[in-house]
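*Asks:* sequence and predicted structure are below.
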Amino acid sequence: EKDISIRFNIPQLIIGREQESTSLIKTFERTSLEAGEMMLVTGSPGIGKSALVNEIYKPIVAKKGYFISSKYDQFKRDIPYSSIIQAFQSLIRQIIAESEDRVHSLKNKLLSALGSNGKVLISVIPELEYVIGKQPDVPDLNPEESQNRFNLLFQKFVNVFISPEQPNHFFFIGAYRDTETDQNHPLMIMFNEIVKHGTKVNNITLKPLDIDNINTILVNVFRCKAEQSIELAELVHRKTAGNPFFVNQFLKSLYDKKVLSFNPKDGWNWNIDSIIEMQVTDNVVEFMATKISSLPKNTQDILKICSCIGNRFDLEELATVSEKTMEAVLEDLSLAIREDLVRLCDGIYKFHHDRIQEAAYSLIPESEKAQMHYRIGSSALKKTDSENLNKKIFYIVDQLNRGSRFLIDYEMRFNL
């Protein structure tokens with residue numbers, strides 16, 4: 001009871017989502033037996049959609065299934081299949097890490113399924129070459145035939161991973177902000193088409209946390225009795241409207257502003273009057289922008305560059321754009337990592353949440369955004385050889401398009 005950590009730490013627990021989590025796992029169990037269902041998780045930004053979806057990771061892996069995930073980058077909408085490619089790159093990385101026999105078995109199945117057309121998929125998932133080896137060139141087709149060929153091969157590719165040794169079938173889970181879509185949105189039109197083709201589409205809508213949920217979070221953070229923190233829970237609920245991401249960030253800001261204090265005898269204490277007086281914006285991006293603005297200039301600058309690159313970035317790219325060493329970049333990023341703004345996952349750095357990326361991007365003056373995109377696009381083009389250009393073509397073009405007013409001579413514009 002008295003063993004309370006002196007470090008301020010918010011446990012990564014899913015609170016108040018028991019019913020939704022059960023529904024998700026039951027749907028997974030049904031799709032393990034027969035195909036024909038998918039799940040959509042909806043709700044406002046920061047409501048906990050990704051956190052809920054990640055809950056299914058353990059039961060899938062326990063059944064020797066593959067769990068792959070990715071997300072579309074809100075600032076890179078011109079890159080076809082970007083999220084699908086990232087997800088299946090993750091799958092290939094999982095496969096390469098398996099036993100030699102397993103890799104060999106999958107190689108044979110993939111070669112059998114794809115025939116002489118393996119290069120079509122290697123062109124979008126380059127990592128696949130590590131499994132099936134170099135493949136012969138494929139004939140050029142007109143756009144419609146090329147699209148049909150890709151669709152057919154992609155289905156065959158996915159079907160290779162559906163086998164008796166794993167949970168059968170393919171369980172698709174999508175998460176999106178229903179606050180930003182209406183019935184005429186392309187996403188909704190696509191879902192309606194999916195239903196027409198006989199797939200059952202389930203839906204989970206996440207609501208804000210209630211006062212009891214927030215109090216459960218506080219009890220886990222402060223290791224106190226529920227009655228001790230209920231008044232604070234009511235106040236946090238009022239300030240954050242029960243948005244989980246906002247709740248966590250608000251608690252961190254209380255600690256940063258020294259409104260929370262630790263006493264070895266009594267544990268954690270807080271000044272309720274000071275919290276009542278705190279001005280909190282109802283805009284999460286504004287709130288996060290204020291937090292980022294309080295960081296040292298070097299950390300702010302590197303986060304701005306990160307936000308232009310996308311929701312995923314690596315040290316080498318950051319070093320090139322910022323014209324610093326990788327060690328210096330890591331030093332600039334380290335505080336952002338400690339503050340839970342950025343995290344390392346599978347060797348790639350990512351923003352902890354979309355709203356953090358938006359906040360960092362919002363801090364760049366409009367007059368500087370185009371120049372930053374131009375620098376990023378130019379440096380990516382410079383360090384990409386002709387053999388690998390096709391793999392990065394959409395990313396480079398997207399960045400240069402955003403900075404096109406800095407392409408001053410005819411040759412540069414013609415090249416773009």
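*Replies:* Everything's here; your move.

*Asks:* all helices for the stretch 251-400 of the chain, in order.
*Replies:* Assigned by DSSP state H, counting those that start in this stretch, the helices in the stretch 251-400 of the chain fall at 272-277, 284-293, 297-309, 315-322, 326-338, 354-362, 366-383, 389-402.

*Asks:* for the shortest one, name the packing helices and strands.
*Replies:* Okay, so that is helix 272-277. Applying 3 or more C-beta pairs under 8 Å, 6 or more residues apart in numbering; DSSP states H and E, we find helix 272-277 packed against helix 226-240. The way it works is simple: take the backbone N, C-alpha and C, and place the C-beta from them, glycine included.

*Asks:* what packs against the helix it packs on?
*Replies:* Of the remaining helices and strands, those touching helix 226-240 by 3+ C-beta pairs under 8 Å, 6+ apart are helix 211-222, helix 244-256, helix 272-277.

*Asks:* turn these into TSV, columns for distance to R238.
*Replies:* Output for those, formatted as TSV (distance: least, C-beta to C-beta, whole Å):
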stretch	distance to R238
helix 211-222	9
helix 244-256	11
helix 272-277	9
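
*Asks:* I'd like these laid out as JSON lines, including mean neighbour count, mean pLDDT and distance to G133.
*Replies:* JSON lines is the format used below for the helices and strands packed on helix 226-240 (neighbours: other C-beta atoms under 10 Å; pLDDT from 0 to 100; distance: least, C-beta to C-beta, whole Å):
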{"stretch": "helix 211-222", "mean neighbour count": "19", "mean pLDDT": "95", "distance to G133": "50"}
{"stretch": "helix 244-256", "mean neighbour count": "20", "mean pLDDT": "90", "distance to G133": "44"}
{"stretch": "helix 272-277", "mean neighbour count": "12", "mean pLDDT": "88", "distance to G133": "61"}
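
*Asks:* for Q228, which non-adjacent residue is spatially closest?
*Replies:* Take Q228 and drop its neighbours on the chain: the residue closest to it by C-beta to C-beta, 6 or more residues apart in numbering is F222, 7.8 Å away.

*Asks:* I figured that neighbour hits D266, correct?
*Replies:* No: contact criterion C-beta atoms under 8 Å: F222 and D266 do not qualify, at 10.6 Å.

*Asks:* with P45 as the reference, name the closest of the helices and strands packed on helix 226-240.
*Replies:* For the helices and strands packed on helix 226-240, proximity to P45 was assessed by C-beta to C-beta; helix 244-256 is nearest, at 7.5 Å.

*Asks:* packing partners for that closest one?
*Replies:* Using 3+ C-beta pairs under 8 Å, 6+ apart: helix 244-256 touches helix 211-222, helix 226-240, helix 284-293.

*Asks:* low-confidence stretches in the stretch 251-400 of the chain?
*Replies:* Scanning the stretch 251-400 of the chain for pLDDT under 70 picks out 282.

*Asks:* how about the helices and strands packed on helix 244-256, which one is nearest D409?
*Replies:* Nearest of the helices and strands packed on helix 244-256 (C-beta to C-beta): helix 284-293, 36.1 Å.

*Asks:* any chance you could list what contacts stretch 279-292?
*Replies:* Applying C-beta atoms under 8 Å, 6 or more residues apart in numbering, the external contacts of stretch 279-292 come out as 45-46, 239-241, 243, 245-246, 249-250, 253, 256, 300, 303, 339, 341, 355-356, 358-360, 362-363.

*Asks:* coming back round to it: so which of the helices of the stretch 251-400 of the chain is nearest I96?
*Replies:* Ranking these by their distance to I96 (criterion: C-beta to C-beta) puts helix 389-402 first, at 17.8 Å.

*Asks:* report the inter-axis angle for that closest one versus helix 366-383.
*Replies:* Interaxial angle, helix 389-402 versus helix 366-383 (axes from the mean of the first three to the mean of the last three C-alpha atoms, to 10 degrees): 160 degrees.

*Asks:* gap between helix 389-402 and the chain center?
*Replies:* Centroid separation for helix 389-402 versus its chain: 21 Å, with C-alpha atoms, centre = their mean, to the nearest Å.

*Asks:* okay, buried residues for it please.
*Replies:* 395-396, 398-400, 402 (16 or more other C-beta atoms under 10 Å).

*Asks:* secondary structure of Q94: a helix, I assume?
*Replies:* Yes: Q94 forms part of a helix when assessed by DSSP: H, G, I helix; E, B strand; the rest coil.

*Asks:* quick one: it from K156, how far?
*Replies:* Distance of Q94 to K156, computed by C-beta to C-beta, to the nearest Å: 19 Å.

*Asks:* and if you look at I84?
*Replies:* Distance of I84 to K156, computed by C-beta to C-beta: 15 Å.

*Asks:* quick one, helices of the stretch 1-150 of the chain?
*Replies:* All helices of the stretch 1-150 of the chain, identified by DSSP H, counting those that start in this stretch, fall at 18-33, 49-54, 57-62, 82-96, 100-114, 118-122, 129-132, 143-159.

*Asks:* for V329, find the nearest of those.
*Replies:* Of all the helices of the stretch 1-150 of the chain, helix 82-96 comes closest under C-beta to C-beta, at 22.3 Å.

*Asks:* other SSEs contacting that closest one?
*Replies:* With contacts taken as 3+ C-beta pairs under 8 Å, 6+ apart, helix 82-96 sits against helix 100-114, helix 129-132.

*Asks:* just send the ones you listed back as TSV, with distance to I14 and mean neighbour count too.
*Replies:* Formatted as TSV, the helices and strands packed on helix 82-96 follow (distance: least, C-beta to C-beta, whole Å; neighbours: other C-beta atoms under 10 Å):
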stretch	distance to I14	mean neighbour count
helix 100-114	32	14
helix 129-132	34	16
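
*Asks:* in TSV: those helices, plus mean pLDDT and distance to E277.
*Replies:* Below are the helices and strands packed on helix 82-96 laid out as TSV (pLDDT from 0 to 100; distance: least, C-beta to C-beta, whole Å):
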stretch	mean pLDDT	distance to E277
helix 100-114	94	60
helix 129-132	94	58
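
*Asks:* which of the ones you listed sits closest to I194?
*Replies:* The nearest among the helices and strands packed on helix 82-96, by C-beta to C-beta, is helix 100-114 at 23.7 Å.

*Asks:* can you list contacts of that closest one?
*Replies:* 95-96, 118, 120-121, 128, 131-133, 153, 156-157, 159-161.

*Asks:* noted, bye for now.
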